[in-house]
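Participant: Provided below for reference: sequence and predicted model.
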Amino acid sequence: MFKKKAHILLDKDYNKNLDFLKKELGEGDSFDVIVREFKVLNKRCALIGIDGFIKDDVLIFVIKSLNGLRKKNFLINDLKEQLENTIPYIELSSEKQIDKLLYAVLSGSVLLIIDSLDAAFIIDARTYPSRNPEEPELERIVRGSRDGFTETIVFNTALIRRRIRDPKLRIKLLNVGKRSKSDVCVCYIEDIANPDLVESIIGKIEAIEIDAIPMAEKSIEELITPGSVWNPFPKVRYTERPDVAATHLLEGHILIMVDTSPSVIIAPVTYFHHVQHAEEYRQNPAVGVYIRWVRFLGIFASVFITPLWLLFVLSPELLPEALKFIGPEKVGKIPIFVQFLIAEVSLDLIRMAAIHTPSPLATALGVIAALLIGDLAVTIGLLAPEVIIYTAIVAVGAFSTPSYEMSMANRLVRLFILIGTGFFKLPGFIITSILSLLLVGFTKSFGVPYLWPLIPFDFRALKIIIIRSPVPIQNIRPSILKPQDVSRQPIVALKRRRQ
C-alpha cells in the first residue's frame, strides 16, 4: 500500500488506486467528494471530482463518448492512446504522481482512473463560483471602462490579455501554501520587464513556506516585500482595474495575482505611484493636470494641516500679523491638543462603523455622526469649531488619496507629527516631520527608491509626474525600473505629426 502521497506514483492496481484516493479525499466523510464508477472496453473506470467545481454537461458528454468506443482487444498502451484521442475535451492531460493528482482534484479538475493503467487522466472541466466583472468601489471614474478584476484568477488573466495582445506577455503560475495550494500568477512582458527583478519576485514566492494564505494578496505582500513590515508605507500598489494594471505592465512593472482576490499587486512602486488616478487620463491633459494638482494639495493637507494649525495655536508668536485670526477664540474645557486626539479617534471610529454598517443604515450613521460628534460636541464645549473644520478637511484629503493603503500610512504620519507638536511645539513639529521624511526617503520597493524621481533626482521623470503628459508619449518607461525596451518611438511619431 501507499505510505505517503508525495512523489508516489500510481499503481496498475485499480482497487489500490481508488481506495487510496478515496481515503485521501475523505470520500464518505465529505459529502461533496464524488466518485462515479463505470466501465470502458470491459475495464473498470472511475471519475473523481468535487461537487460545485464540475461542469456536469461536459462530463456527461465525456462519459457518452467513452461508452461509444468499440470493444476490441487493446493492449494497455493502445488503450491509453485510444482514450487520449477519444475524450472530447481540450484541457486534457495525464499524470502519474499522486500529489499532483490530488492537487488537480482539489483545484476543481476531474480525475479519470482506469484499471491496468498506471496513469490517470486529468480533465480540466472546472468552474468556480464567481461574480461578473464590476467597477471597483475604490477606483471609480466618471468616464471609462466599468469592468474590474474578480475573485477568479482565470477571468483576471483574460481581462489582461484582452488589453495586451502581445505574444511576449508572460503569466507564470505558482502554488503557495502547503495545505491551501493557492494559485498565484506572476505577470510581466518578457522584453520589457527587468529579468533580474522578475526572477527575484518569482524566487521569493517559490520560497514561501506556510500552510495557507487565507488573506490572499495581503499575505503574499507581507511575505515577499523586503524591509520591515512595521513600516506603514505600502511597498506595492493594489488595483482592481484591468486598464491600470495593463498600463503598469507596459511601463515595466510586474503584476502578482492571487486566486480568490480581486486585488492585483503592482511591483515595484514609488510614493508617486500611489497618488495618481485613472481619472486624470480620462480627461483632457489640461484638466488632468488640474485634477492632479488638486489631489496633491488634498494629500498634503491630510498630513500637515492639523499639526500646523495646532502649532500656530500653541505658539501664536510664530504667526505674522496678517494671520493672527488663526486660532479659536475659546479653547473650551479640554486642551486643544486633546481635542484633536478625540477628533482623530472619532473620525476613525466613524470610518470603521461605515465599513461594518449595512447599506440601508449608512445614511442614518451619517446623520448620527453629524449631529452627535459635530453639532453637539461644539454646543457643549467638548470640541472647538475649528477642530471640527480642520478634521473634516483632513478627512476629505484622505478620501481623495487614490491608494487606500497610502491614506492609512499618511494618517499614522499625521498622528505622529500631531503628537510631537502637541508635546514639544515647534521643535516637535520639525523633528517629527524630518523623521517622517527620512522614513519615506530610506524606504525601498524591491530596490527602487520610494521618493524617485525626487530622490535620486530625475527632472525628466519628475516633470511627467507633476504634469499629466499627453497619451501619445506614454510609452516613456521609468528608468528606475531598468526596463529592457526603452523605445521612445511614440514621441518621434508625435513630433512628426505636429510638423
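Facilitator: Here it is on my side, so go on.

Participant: I figured Ile342 hits Ile388, correct?
Facilitator: No. Applying Cβ atoms under 8 Å, one finds Ile342 not in contact with Ile388, separated by 10.7 Å. Every C-beta, even on glycine, is put in place using the N, C-alpha and C of the backbone.

Participant: list the buried ones in the helix or strand containing Asp196?
Facilitator: Using DSSP states H and E, Asp196 maps to helix 195-206. Buried residues in helix 195-206, counted by 16 or more other Cβ atoms under 10 Å: Leu197, Val198, Ser200, Ile201, Ile202, Ile205.

Participant: beta partners for the nearest residue to the second one once chain neighbours are set aside?
Facilitator: It stands for Val198. Excluding its sequence neighbours, the residue lying closest to Val198 (Cβ to Cβ, 6 or more residues apart in numbering) is Tyr188, at 5.4 Å. Beta-bridge partners of Tyr188, counted by DSSP bridges, are Arg170.

Participant: from what I can see Tyr188 touches Pro195, true?
Facilitator: No. The pair Tyr188 / Pro195 is not scored as a contact, 9.1 Å apart, by Cβ under 8 Å.

Participant: rewinding a little: what lies in contact with the helix holding Asp196?
Facilitator: 172, 174, 176, 184, 186, 188, 220, 223-224, 254, 256, 267-268, 446-447, 481-482, 484 (Cβ atoms under 8 Å, 6 or more residues apart in numbering).

Participant: what's the PyMOL line that selects buried ones from those?
Facilitator: Buried members of the contacts of helix 195-206, defined by 16+ other Cβ under 10 Å, are picked up in PyMOL with:
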select buried, resi 174+176+184+186+188+220+223+224+254+256+267+268+446+481+482
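
Participant: from the contacts of helix 195-206, which ones fall inside helices?
Facilitator: Ile220, Leu223, Ile224 (DSSP state H).

Participant: what is the nearest of those residues to Ala364?
Facilitator: In terms of Cβ to Cβ, no member of those lies closer to Ala364 than Ile220, at 37.8 Å.

Participant: so what's Tyr450 up against?
Facilitator: Tyr450 makes contacts with Phe233, Lys235, Thr270, Tyr271, Val440, Gly441, Thr443, Lys444, as judged by Cβ under 8 Å, 6+ apart.

Participant: name the element the fifth one belongs to?
Facilitator: Spelled out, that is Val440. Using DSSP H and E, Val440 sits within helix 404-442.

Participant: just checking, what packs against that helix?
Facilitator: On a contact count with 3 or more Cβ pairs under 8 Å, 6 or more residues apart in numbering; DSSP states H and E, helix 404-442 meets strand 237-239, helix 285-314, helix 336-356, helix 385-399.

Participant: buried residues, that helix. List them.
Facilitator: Buried positions in helix 404-442, judged by neighbour count with 16+ other Cβ under 10 Å: 405-411, 413-422, 428-429, 432-433, 436, 439-440.

Participant: do the same with stretch 247-262
Facilitator: 247-262.

Participant: let me see the ranges of the strands in the protein.
Facilitator: For the chain, the strands defined by DSSP state E cover 33-40, 43-50, 92-95, 110-114, 120-123, 169-176, 182-189, 237-239, 254-258, 264-267, 444-445, 448-449.

Participant: include mean pLDDT when you put the ones you listed into a markdown table, please.
Facilitator: Converted to a markdown table, these look like this (pLDDT from 0 to 100):
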| stretch | mean pLDDT |
| --- | --- |
| strand 33-40 | 88 |
| strand 43-50 | 90 |
| strand 92-95 | 86 |
| strand 110-114 | 90 |
| strand 120-123 | 89 |
| strand 169-176 | 94 |
| strand 182-189 | 95 |
| strand 237-239 | 95 |
| strand 254-258 | 96 |
| strand 264-267 | 96 |
| strand 444-445 | 93 |
| strand 448-449 | 94 |
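
Participant: and of those, who's closest to Val287?
Facilitator: Nearest to Val287 among the strands of the chain is strand 237-239 (22.2 Å), distances taken as Cβ to Cβ.

Participant: please compute how far the closest one lies from its chain's middle.
Facilitator: Here strand 237-239 is found 5 Å from its chain centre; the criterion is Cα atoms, centre = their mean, to the nearest Å.

Participant: elements contacting that strand?
Facilitator: Strand 237-239 packs on helix 242-251, strand 264-267, helix 404-442, going by 3+ Cβ pairs under 8 Å, 6+ apart.

Participant: direction included, what does it pair against?
Facilitator: strand 264-267 (antiparallel).

Participant: quick check: which of the strands of the chain is nearest to Ser400?
Facilitator: Closest among those, once you apply Cβ to Cβ, is strand 237-239, at 16.6 Å.

Participant: list the contacts of the closest one.
Facilitator: With Cβ under 8 Å, 6+ apart, strand 237-239 has contacts from 136, 139, 149, 217, 245, 248, 263-267, 269, 273-274, 403-405.

Participant: write the PyMOL selection for whichever of the residues you listed are buried.
Facilitator: To isolate the buried ones among the contacts of strand 237-239 in PyMOL, judged by 16+ other Cβ under 10 Å, type:
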select buried, resi 136+139+149+217+245+248+263+264+265+266+267+269+273+274+403+405
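
Participant: adding distance to Asp458, write the strands of the chain out as CSV.
Facilitator: Output for the strands of the chain, formatted as CSV (distance: least, Cβ to Cβ, whole Å):
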stretch, distance to Asp458
strand 33-40, 58
strand 43-50, 52
strand 92-95, 48
strand 110-114, 54
strand 120-123, 50
strand 169-176, 28
strand 182-189, 23
strand 237-239, 19
strand 254-258, 21
strand 264-267, 20
strand 444-445, 16
strand 448-449, 10
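
Participant: out of the ones you listed, which is closest to Leu365?
Facilitator: Nearest of the strands of the chain to Leu365, taken as Cβ to Cβ: strand 237-239 at 26.0 Å.
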